[in-house]
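Trainee: Kindly return the folded structure for what I paste below:
(chains A and B)
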Amino acid sequence: MKKIAVCYKWVLNDGDIRVNDKTRDLDFEKSKPQINEYDRNGLAVGVQLKEASGAELIGITCGVDTEPSAKDALSRGPDMVYYLNDPALAQADSAASSKVLAGMVRSLGDVDVVLCSECSSDDFAQQVGPRLGALLGYPVISYVSAVKLEGDALVMDRKLEEGTESVKVKAPVVVVVSPDVCEAPIPSVKQILGAKKKPANAMDLAGAGLGPDAVKPMVTVQSVKAPLTSRKAVNLLGDGESVADAVAKLVKQLSTDGLL
Amino acid sequence: MSDIWIIAENTLWARTLAAAAAALGKGGKITAFVHGDEAAAKDAIAHGASEAFYLPLPADAPWEAYTPALVDKAKAEKPALILLSTSRRCRDVAARMAALLDAPCFSDGKNIALADGGVTANTLLYGGLAVKTSVAKGATVLVTIGAKDFDHGAPDASRSGKIDTLPLSAAGVSVTGRKPREAQSVDLGAAAKVVSVGRGVSKESDLDTVRALAKSMGAEVACSRPIAEFFKWMPEECYIGISGQQIKPQLYLAIGISGQAQHYFGIRDSKTIVSINKDKECLMNQQADYYIPADWEETVAELAKAIHK
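Mentor: The predicted structure is shown next:
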């Protein structure tokens, strides 16, 4: 096993997104981009496989302005990062993202294992990993909760509704990991400083062997609105009130609603 | 009138999807592909499918190994819409089929409408913080839909249709073992009230306080992802979220949960959500019906006292 690619998405921190009460639009002003939390587990698995196999670990991402992601990604273990920016990717759906990532993987050449995580914290579509495998013509193992290297094969457990399915597959393969596959350690100061010395390479569509059609979404967004049925978010702890006052109001409300 | 395919991982899903297909296809042909045996195919026909293919679980390959055969057939027949269940294997099949057909795919689509201009559907963004309305055009559009989104009708045993199966392709993956899920100690999906704990609760022994409160309320206890997966204070089957349980109780009481999108996804259909979190601005408070921005220990103690009265 020589080369492992790990895909990650540079997404807005959803914890800091607010809703504009009047327009029901999302307010992203306070929200900063970060590495999709699910992908941090993918990166951690990449490090484990790199240590077990001695393979080169390459982080790859695509989006609009992903260069700043490289340093964070590199602090999590990859030897280098390739990022691909294109303005059209602002509207990227799972189809576009997977086509671009497939082009990037192909251009890296002879990638044995492609790691993805099961979803991103924005769309939760759970499509990119399996789509990527299909486009590359690699077997796809999704919902992976355990991975181990065994000779030139990977031995994995998949967690499905009915139970666990254990599989064995030879490279090349796309592995889509679930969050419980392993912990994603917070990078140490040494790792953060070390990240600056590792290469972050820009790639463009041509470099990934792609034309402009690859970034065209197949799904066109018409509107994004916070639902009107959104909850009232009533603060029961008024100014100068005690916790006991707030609890009294809650108990009264829940009793009225027949919930206590 | 449009021809619609349904691909389901079990009989119940197949019934749901057949009802959805009947509503959307307006009399078009409904072709069902169901995990299981001939009986599963017959059940799909009794519930509205025009023809049904049964796809038994292969002994040594994942069920997803039917994907190439499904793709070949879809290329030949060009159904306007393919509806799949939101179970894990079907999500995987949906995404792979979409890539191989170069087709759009909605995950967890709601309010699906089929018109000449394409397929319109709503999907959730940031775990339900917003709803995205999109339109997809293509010879075939795929949508995964939730089990509870459509009610299925009564079976009609007099219905008949072609029953067949599909060939399996070599998957390049060997299944070396299968272990059924251990019996669940709680059925969170059926609970009317759920009390749930998150990282705001600082030590494992705090769970006893929460369990006592839940007991006095007649509620089951659940948790956020880190409590089950990282701290391992509760079994994995107890965590709520996109990769855990998705529930819709009458009352969801969140204690010390920040309300990340992946968590909110699992509770968005709850009737009433109450949050106790000292961080007033946290998403859980902002997405709750009622919240108390205070120390959870003090609040739970007061709540226990009030309920005791």
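
Trainee: And for the closest residue to B:Asp60 other than its chain neighbours, the neighbour number?
Mentor: Nearest non-adjacent residue to B:Asp60, counting by Cβ to Cβ, 6 or more residues apart in numbering or on different chains: B:Val175, 5.3 Å away. All C-beta atoms are positioned from the backbone trio N, CA, C, and that covers glycine. Neighbours of B:Val175 under the rule other Cβ atoms under 10 Å in any protein chain shown: 19.

Trainee: B:Thr299 too?
Mentor: By other Cβ under 10 Å, the burial measure for B:Thr299, its neighbour count, is 24.

Trainee: roughly how far apart are it and chain A?
Mentor: Counting by Cβ to the nearest Cβ, to the nearest Å, the gap from B:Thr299 to chain A is 5 Å.

Trainee: likewise B:Ser169?
Mentor: Taken as Cβ to the nearest Cβ, the span from B:Ser169 to chain A is 11 Å.

Trainee: can you pull the contacts of that residue?
Mentor: B:Ser169 makes contacts with B:Ala65, B:Tyr66, B:Thr67, B:Pro68, B:Ala69, as judged by Cβ atoms under 8 Å, 6 or more residues apart in numbering or on different chains.

Trainee: Just among the residues you listed, which is most surrounded?
Mentor: B:Tyr66 (26 neighbours).

Trainee: Give the closest residue to that residue in space, chain neighbours not counted.
Mentor: Using Cβ to Cβ, 6+ apart and skipping residues adjacent in sequence, the residue nearest B:Tyr66 is B:Leu55, 5.1 Å away.

Trainee: Would you mind giving the contacts of B:Ser169 as TSV with secondary structure and pLDDT added?
Mentor: Formatted as TSV, those follow (DSSP: H, G, I helix; E, B strand; the rest coil; pLDDT from 0 to 100):
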residue	secondary structure	pLDDT
B:Ala65	helix	97
B:Tyr66	helix	97
B:Thr67	helix	97
B:Pro68	helix	97
B:Ala69	helix	97
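
Trainee: before we move on, the earlier item: can you give me phi and psi for the residue nearest to B:Tyr66?
Mentor: phi -120, psi 90 (degrees, to the nearest 10).

Trainee: Neighbours of it, how many?
Mentor: 24.

Trainee: Which helix or which strand is home to the residue nearest to B:Asp60?
Mentor: Using DSSP states H and E, B:Val175 falls within strand B:173-180.

Trainee: now what about the helix or strand just after that strand, what contacts it?
Mentor: Remark: after strand B:173-180, the chain's next helix or strand is strand B:193-197, criterion DSSP H and E. The contact list for strand B:193-197 (Cβ under 8 Å, 6+ apart) reads A:259, B:188, B:206-207, B:210, B:213-214, B:217-224, B:227, B:240, B:247, B:249-257, B:267, B:270.

Trainee: Out of the residues you listed, list just those in helices.
Mentor: Judged by DSSP state H, helices contain the following of those: B:Asp206, B:Leu207, B:Val210, B:Leu213, B:Ala214, B:Met217, B:Ile227.

Trainee: For the fourth one, give its distance to chain A.
Mentor: When distance is defined by Cβ to the nearest Cβ, B:Leu213 is 12 Å away from chain A.

Trainee: Please name the residues that touch that residue.
Mentor: Shown in contact with B:Leu213 (Cβ under 8 Å, 6+ apart): B:Val195, B:Val300, B:Leu303, B:Ala304, B:Ile307.

Trainee: With the third one instead?
Mentor: B:Val210 makes contact with B:Val195, B:Val197, B:Val201, B:Val221, B:Ile255, B:Val300 under the criterion Cβ under 8 Å, 6+ apart.

Trainee: can we see that at 10 Å?
Mentor: B:Val210 makes contact with B:Val195, B:Ser196, B:Val197, B:Val201, B:Ala219, B:Val221, B:Cys223, B:Leu253, B:Ile255, B:Gly256, B:Trp296, B:Val300, according to Cβ atoms under 10 Å, 6 or more residues apart in numbering or on different chains.

Trainee: same check, this time on B:Gly128
Mentor: A:Phe124, A:Ala226, A:Pro227, A:Ser230, B:Ala261, B:Tyr264, B:Phe265, B:Gly266, B:Ile267, B:Arg268, B:Asp269, B:Gln287.

Trainee: Among these, name the buried ones.
Mentor: Using 16 or more other Cβ atoms under 10 Å in any protein chain shown as the burial test, those include A:Phe124, A:Ala226, A:Ser230, B:Ala261, B:Tyr264, B:Phe265, B:Gly266, B:Ile267, B:Arg268, B:Gln287 as buried.

Trainee: Pick the one among the residues you listed closest to B:Ser50.
Mentor: Minimum distance to B:Ser50 across the buried ones among the contacts of B:Gly128 is 32.8 Å, recorded for A:Phe124 (Cβ to Cβ).

Trainee: pLDDT score for that closest one?
Mentor: Here the pLDDT value assigned to A:Phe124 is 92.

Trainee: Then B:Met1?
Mentor: 84.

Trainee: Give me the neighbour count for it.
Mentor: B:Met1, neighbours per other Cβ under 10 Å, totals 8.

Trainee: isn't it right up against B:Ile30?
Mentor: No: between B:Met1 and B:Ile30 there is no contact under Cβ atoms under 10 Å: 11.2 Å.

Trainee: Please settle this for me: is B:Glu302 part of a helix?
Mentor: Yes: counting by DSSP: H, G, I helix; E, B strand; the rest coil, B:Glu302 is part of a helix.

Trainee: so it makes contact with A:Asp245?
Mentor: Yes: counting by Cβ under 10 Å, B:Glu302 touches A:Asp245, with 9.2 Å between them.

Trainee: list residues touching both of the two?
Mentor: Shared contacts of B:Glu302 and A:Asp245 (Cβ under 10 Å, 6+ apart): B:Ile292.

Trainee: after the longest helix anywhere in chain A, next one along is what?
Mentor: If you go by DSSP H, chain A has its longest helix at helix A:37-53. Going down the chain from helix A:37-53, the next helix or strand is strand A:56-63, by DSSP H and E.
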